[in-house]
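Participant: sequence and predicted model, in that order:
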Amino acid sequence: MMQAKLYLAVPCGDPAGIGPEIVLKAMKTAQLPAEVGLIVIGDAPVFSKLAADLDLKADFDSVVSNQELLEQAMAGGSRKILYTQNIVDMNHFAYGQISAMCGRAAYASAQTAVQLVQRGYAKAVVTPPLHKEALRAAGIEHIGYTEILSALTHTKKAITMFDTMGLKIFFHTRHLSLRQACDAVTKDSLLETIITCDRITKSSPAFDLSLSLAVAGLNPHSGEHGLFGDEELVSIEPAILEARSRGIDVVGPIGADSVFYQTRMGKYRAVISLYHDQGHIAAKTYDFNRTISITWDLPFLRTSVDHGTAFDIAGKGLADASGMVRALEVAASYTCN
C-alpha cells in the first residue's frame, strides 16, 4: 500500500451527535487518492462504543495520544489514524444530549486539528457538525467552526462558500438577523466581498474564469428600480459598478429567484448570496446531504458538512454520511492540485 504523502485533519464534532458516526462511515466509502491519509481527532472510547452499538468497524490503522506517537504512525505508513483525547467521561455520556463535556471535547478536537496543520502534520481540516448550545454550555464564546478556526488562527475575516455538486455560493453575511443582514449590505462592504471572492476564484482551478461572478439581489425582483426597496440602487449596483471599473468581471444584481438556478446551469462562475438563508435555501433544496461548506482565507483549507448534529437520530445508525464523504473528497481534490 502506498504511504500517505499528506493528511487531512478531521475533528470529531460534538461526540453526542452524528459526527463520529458519519466519520466512520465516510472513512469506508470516500474515494481518496492513495497519497491522502486521515487523522481523526476524538475520544477513542466514543468511537469504540459507536462501533459496537452500530456494528460499524472503527477502521483505524493506529491509535495515538501525542505527536511523538503520531509521527511514528505516519512514518510506519498508517493512513487512518485516530488521535485520541481524554475528555469524554463515558459514565456521563449519552447520545443526543447537550452537555458541556461534549462541547469541550468538540472544541478541543478543533484546537488539535489546527495545531496539526500548523505543525505540518496535516494539510487541511475537514469538519463534521458542532452543537452551538453545547459549546455555549462549555463556556466557548464562538458559535461555529468558522468563528473557532478564525480565532485560533488570528484570521480577521474568513469567507464561507457552499459547493453543492458544482453550484458555488459565497456569502456576504452569515450569522446575522435578517434585519442586521439588510443593514450590512453597504456599497463599501459589498465591494470588499466582491473583490475577495474574485481573488479566491482566481486562486483555484475549481472555478471557470471564462464566466462572470454574479451578485444576487436583496429585494424581490432586485427591487424593480426602487419599487420594492432601494438597497439595489443605493448600495448593490454602485458596488458592482465600482468593481467592474477595477477590472472585475461581475454582474448583477440578479433576482435571487433565478440567479442560483442559472449558476447551477453553468451561466456564472459563482454567486454571492447577500445573507444566510438566501444561499442556504438554494443550496440545500438542490441537494441537502451533499452541500458542503468551504472556508477560504484561513491559513489552510477547511471543508465541512453543512448539516447539524441531528441529536434525534444520534447513535441509531441512521445518519447519512454522503456530505462527509464529499467534504473529504473535495478537500483531497483541492489539496492535491
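Facilitator: The structure has been received and is ready for your questions. Residues are numbered from 1 along each chain as shown.

Participant: give me phi/psi at Asn66?
Facilitator: When quoted as degrees, to the nearest 10, the phi and psi of Asn66 stand at phi -160, psi 170.

Participant: what pLDDT does it get?
Facilitator: On the pLDDT scale, Asn66 is placed at 94.

Participant: equivalent analysis for Gly223, please.
Facilitator: 67.

Participant: ditto for Leu178
Facilitator: So Leu178 comes in at 84 (pLDDT).

Participant: wait, what's in contact with it?
Facilitator: Contacts for Leu178 (C-beta atoms under 8 Å, 6 or more residues apart in numbering) come out as 275, 277. Where you see a C-beta, it was placed from the backbone N, CA and C, and this is true even at glycine.

Participant: please report the distance of it from Gly252.
Facilitator: Going from Leu178 to Gly252 by C-beta to C-beta, to the nearest Å gives 20 Å.

Participant: what element comes up after the longest helix along the chain heading to the C-terminus?
Facilitator: Ordering each helix of the chain by length in residues (DSSP state H) puts helix 100-118 first. Next in sequence after helix 100-118, counting helices and strands by DSSP states H and E, comes strand 124-127.

Participant: who does that following strand touch, helix- and strand-wise?
Facilitator: Other elements packing on strand 124-127 under the criterion 3 or more C-beta pairs under 8 Å, 6 or more residues apart in numbering; DSSP states H and E are strand 6-11, helix 100-118, strand 301-305, helix 322-336.

Participant: how about those in CSV, adding distance to Ser293 and mean pLDDT?
Facilitator: Supplementary listing: the helices and strands packed on strand 124-127 in CSV, determined by distance: least, C-beta to C-beta, whole Å; pLDDT from 0 to 100:
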stretch, distance to Ser293, mean pLDDT
strand 6-11, 14, 95
helix 100-118, 14, 96
strand 301-305, 4, 93
helix 322-336, 8, 89
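
Participant: possible to save those as JSON lines with distance to Ala52 and mean neighbour count?
Facilitator: JSON lines is the format used below for these (distance: least, C-beta to C-beta, whole Å; neighbours: other C-beta atoms under 10 Å):
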{"stretch": "strand 6-11", "distance to Ala52": "21", "mean neighbour count": "26"}
{"stretch": "helix 100-118", "distance to Ala52": "19", "mean neighbour count": "22"}
{"stretch": "strand 301-305", "distance to Ala52": "24", "mean neighbour count": "25"}
{"stretch": "helix 322-336", "distance to Ala52": "21", "mean neighbour count": "22"}
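
Participant: nearest to Ser212, out of these?
Facilitator: Minimum separation from Ser212 across the helices and strands packed on strand 124-127 (C-beta to C-beta) falls at helix 322-336, 22.6 Å.

Participant: now do that closest one against strand 6-11, angle only.
Facilitator: Interaxial angle, helix 322-336 versus strand 6-11 (axes from the mean of the first three to the mean of the last three C-alpha atoms, to 10 degrees): 140 degrees.

Participant: contacts for helix 322-336, please.
Facilitator: Under the criterion C-beta under 8 Å, 6+ apart, residues 6, 8, 10, 22-23, 25-26, 29-33, 35-36, 38, 123-128, 163, 204, 206, 289-292, 294, 301, 303-307 lie in contact with helix 322-336.

Participant: now the strands for the stretch 1-150 of the chain?
Facilitator: Secondary structure of the stretch 1-150 of the chain by DSSP state E, counting those that start in this stretch: the strands cover 6-11, 36-43, 62-64, 80-85, 124-127.

Participant: out of the ones you listed, which is closest to Thr153?
Facilitator: Counting by C-beta to C-beta, Thr153 lies closest to strand 124-127 out of those; the figure is 10.3 Å.

Participant: can you show me the CA trace of the closest one as PDB?
Facilitator: Extracted C-alpha coordinates of strand 124-127, given in PDB (Å, rounded to 0.1, in the frame of the first residue of the first chain):
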ATOM      1  CA  ALA A 124      -6.400  20.700   5.500                       C
ATOM      2  CA  VAL A 125      -9.200  20.400   8.100                       C
ATOM      3  CA  VAL A 126     -12.500  18.600   7.400                       C
ATOM      4  CA  THR A 127     -15.300  19.000   9.900                       C
END
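
Participant: strand partners of it, parallel vs antiparallel please.
Facilitator: If you go by DSSP bridges, strand 124-127 pairs up with strand 6-11 (parallel), strand 301-305 (parallel).

Participant: all helices of the stretch 51-200 of the chain, in order?
Facilitator: For the stretch 51-200 of the chain, applying DSSP state H, counting those that start in this stretch gives helices covering 67-75, 100-118, 132-137, 145-153, 178-183, 187-202.

Participant: out of those, the one nearest Asn86 is which?
Facilitator: Asn86 lies closest, by C-beta to C-beta, to one member of these: helix 100-118, at 9.6 Å.

Participant: how far does that closest one sit from the chain's center?
Facilitator: 15 Å (C-alpha atoms, centre = their mean, to the nearest Å).

Participant: what does the residue of the chain most remote from its centre show for phi and psi?
Facilitator: Relative to the mean C-alpha coordinate of the chain, counting by C-alpha atoms, centre = their mean, the farthest residue is Leu227 (36.8 Å). Backbone dihedrals for Leu227, given as degrees, to the nearest 10, come out at phi -70, psi -30.
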